[in-house]
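[1] quick one: sequence and predicted model below, then my questions.
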Amino acid sequence: MNPKLILGPLLRYAGDTDATIWVETQTPCEVEVTADGAAHRSPTFAVEGHHYALVRVTGLQPASLYEYSVSVDGETVWPETNSDFPASTIKTTGSDGEMVLAYGSCRVAVPHEPPYTLERGIVKRGGLDDQSFERDALFALAHEMMGSPRAGWPDALLMLGDQIYADEPSPGTMDFIRSRRDPDHPPGVADFEEYTRLYRDAWGDPTIRWLLSTLPSAMIFDDHDVHDDWNASKTWVETMRAKPWWEERIVGAFSSYWVYQHLGNLSPQELEDDELFNRVGEADDATRILREFAYRADREVGGTRWSFHRDFGRVRLIVADSRAGRILTPGKRSMLDEREWEWLREKATGDFDHLLFGTSMPFLLSPGFHHLEAASEAICDGALGRRAAKVGEFLRQNVDLEHWPAFNASFRDLASLLRSVAAGERSEDGAPATTVVLSGDVHHGYLARATFGDGAHNPVYQAVGSPLRNPLGVPERLFMRAGWSSPVERFGRWLARLSGVTDPPVSWRLVHEKPWFRNHVSTIRLRGRNAVLKVERTTPEDAESPHLEELLEHRLA
């Protein structure tokens with residue numbers, strides 16, 4: 001690896017005629033991306049002693065494929081000399097008629113060798129060094145791509161949260177932490193510098209690095225990108241803010257997320273119009289600017305919109321932040337602030353063949369856990385008395401009762417929005433052929449079909465892809481599977497009704513027999529008004545080379 005290029009290149013955005021490529025470099029420099037003989041340049045910007053560039057590549061042709069290279073101050077640093085990987089490419093969107101999106105979530109960054117690749121069995125504790133995580137589905141996807149024609153590759157990758165684990169640092173990051181401080185004080189990562197090491201571990205493996213150099217990627221955070229159970233409740237936030245190490249942790253989390261994940265979600269036009277991006281680019285050192293922004297992003301509800309959208313021809317992808325913008329006031333909880341809701345309603349139209357809605361947290365959980373979460377919110381608000389409210393708050397934080405159903409008003413608002421899109425009420429041209437909610441977080445995958453009221457609407461699905469690499473132990477799997485059982489569903493509904501919660505305005509059931517718990521990656525293939533979802537799991541650790549086995553292929557429309 002050329003020492004001048006610390007991380008990247010990551011192909012982040014690819015539109016009809018333009019793209020963006022992100023890099024982290026060793027020193028301040030000018031970064032040049034060359035595609036189809038044309039050079040596109042950008043100086044680096046500096047944050048906390050690190051140097052980054054997001055190069056905008058323009059003047060491309062729709063539905064075209066371009067090989068590209070990256071230079072730093074005139075020296076080629078990508079592709080690497082004598083590389084065995086295929087050339088890194090930019091594939092622009094356009095009128096070729098088909099779009100394939102790969103997606104997944106929850107991926108720990110541990111080595112691709114035993115014991116880390118061994119099968120996960122019982123629940124294990126003690127840090128990532130002491131656990132087995134089986135094969136990495138993203139790593140296996142890259143190997144599948146390298147062994148197949150370019151025409152069969154996905155067109156883009158959506159990562160739906162827990163790209164890094166700030167509260168369980170990867171082995172490489174733990175070594176770095178031990179070299180500078182006591183790893184127990186504070187627990188997990190402490191600041192921006194340690195966050196940079198998490199990203200280096202997550203994206204620095206040569207195979208993953210190549211994959212991210214050639215697949216446009218969109219991503220949104222979930223709790224582990226910051227801290228387990230981040231923003232679960234008002235009490236949780238107050239408890240964390242009282243800790244002496246929390247402010248530096250949350251400032252490092254938001255500022256590093258902005259640099260490593262958020263910037264690449266924006267189109268070149270959005271970057272041009274982004275005031276913060278322009279201020280950072282103009283500053284000799286943007287550390288203070290970004291630290292002040294990160295502090296406000298944590299403290300001011302409605303101050304920052306992390307949600308974004310991308311259009312792929314006749315397909316629209318909307319990705320909503322379901323973590324940072326929460327309103328946590330008891331009795332007034334909301335998954336999104338009002339500004340975010342307005343933006344979401346504006347973007348969620350039916351003017352497309354397919355509408356994909358990404359949210360790190362599933363909209364539709366197992367029916368049993370849905371009712372339990374809805375009940376827990378009411379109980380926390382005092383529906384069963386003050387003593388029960390204290391128990392409810394304890395369970396909300398310790399059993400992760402904080403998904404969409406635990407923000408019941410928001411759940412109903414989103415249900416209404418999805419129904420109106422699928423019924424053709426938000427477009428003069430009718431409804432999308434499919435509306436699909438893409439989510440992660442829960443460490444098991446499934447595909448459920450939703451029905452609203454009389455069912456007079458086009459298909460709506462919840463598709464959950466989790467984990468890419470972080471499988472549950474056996475007892476945890478049994479616990480999660482129980483949520484799909486009739487006894488737990490009946491008990492949850494009884495408790496919800498006892499707590500004054502009415503039945504949800506939507507019903508749903510799996511389109512397959514049971515959820516899957518192994519590491520897996522999913523793809524949704526869209527062509528015209530047709531849609532097919534495929535789920536593939538990784539193979540055992542002793543396979544000759546990593547590859548994927550089909551778990552499910554289901555026609556959505």
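    All right, it came through fine. Numbering: from 1, shown residues only.
[2] isn't residue 363 right up against residue 463?
    No: using C-beta atoms under 8 Å, residue 363 is not in contact with residue 463, being 10.4 Å away. To be clear about C-beta, it is placed using only N, CA and C from the backbone, and glycine gets the same treatment.
[3] what mean pLDDT does stretch 277-287 get?
    Across stretch 277-287, the average pLDDT comes to 98.
[4] what comes up buried for it?
    For stretch 277-287, burial by neighbour count (16 or more other C-beta atoms under 10 Å) applies to 277, 280-281, 286-287.
[5] kindly report the same for stretch 479-496.
    Neighbour-count burial for stretch 479-496 [16+ other C-beta under 10 Å]: 480-481, 483-484, 488-489, 492-493, 495-496.
[6] list the contacts for the residue most central in space within the chain?
    Nearest to the centroid of the C-alpha atoms of the chain, with distances taken as C-alpha atoms, centre = their mean, sits residue 160, at 1.9 Å. Applying C-beta atoms under 8 Å, 6 or more residues apart in numbering to residue 160 gives the contacts 103-105, 219-220, 222, 358-360, 438-441, 465-466.
[7] what do you get for residue 223?
    With the criterion set at C-beta under 8 Å, 6+ apart, residue 223 makes contact with 161-162, 229-232, 323, 441.
[8] torsion angles phi and psi at residue 533?
    phi -110, psi 130 (degrees, to the nearest 10).
[9] what's the spacing between it and residue 515?
    As judged by C-beta to C-beta, to the nearest Å, residue 533 and residue 515 stand 14 Å apart.
[10] same deal with residue 59?
    From residue 59 to residue 515 the distance is 46 Å (C-beta to C-beta).
[11] contacts only, for residue 405.
    Per C-beta under 8 Å, 6+ apart, neighbours of residue 405: 365, 369-371, 373-374, 377, 411, 504.
[12] hmm, try it at 10 Å
    Shown in contact with residue 405 (C-beta atoms under 10 Å, 6 or more residues apart in numbering): 361-365, 367, 369-377, 411-412, 492, 496, 501, 504.
[13] got it, and residue 502?
    Residue 502 neighbours (C-beta under 10 Å, 6+ apart): 374, 408, 412, 496.
[14] in JSON lines, list these along with distance to residue 47.
    Formatted as JSON lines, the contacts of residue 502 follow (distance: C-beta to C-beta, whole Å):
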{"residue": "374", "distance to residue 47": "41"}
{"residue": "408", "distance to residue 47": "39"}
{"residue": "412", "distance to residue 47": "40"}
{"residue": "496", "distance to residue 47": "46"}
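[15] list the buried ones in stretch 292-299?
    For stretch 292-299, by 16+ other C-beta under 10 Å, it's 293-294, 297-298.
[16] among these, which two are most distant?
    Pairwise distances across the buried residues of stretch 292-299 (C-beta to C-beta) peak at 10.0 Å, for the pair 293 and 298.
[17] give the residues shared as contacts by the two.
    251, 254, 304.
[18] which one in these is the model shakiest on?
    For the shared contacts of residue 293 and residue 298, the pLDDT minimum is residue 304, 89.
[19] can you confirm it is in a strand?
    No: checked against DSSP: H, G, I helix; E, B strand; the rest coil, residue 304 lies outside a strand; its state is coil.
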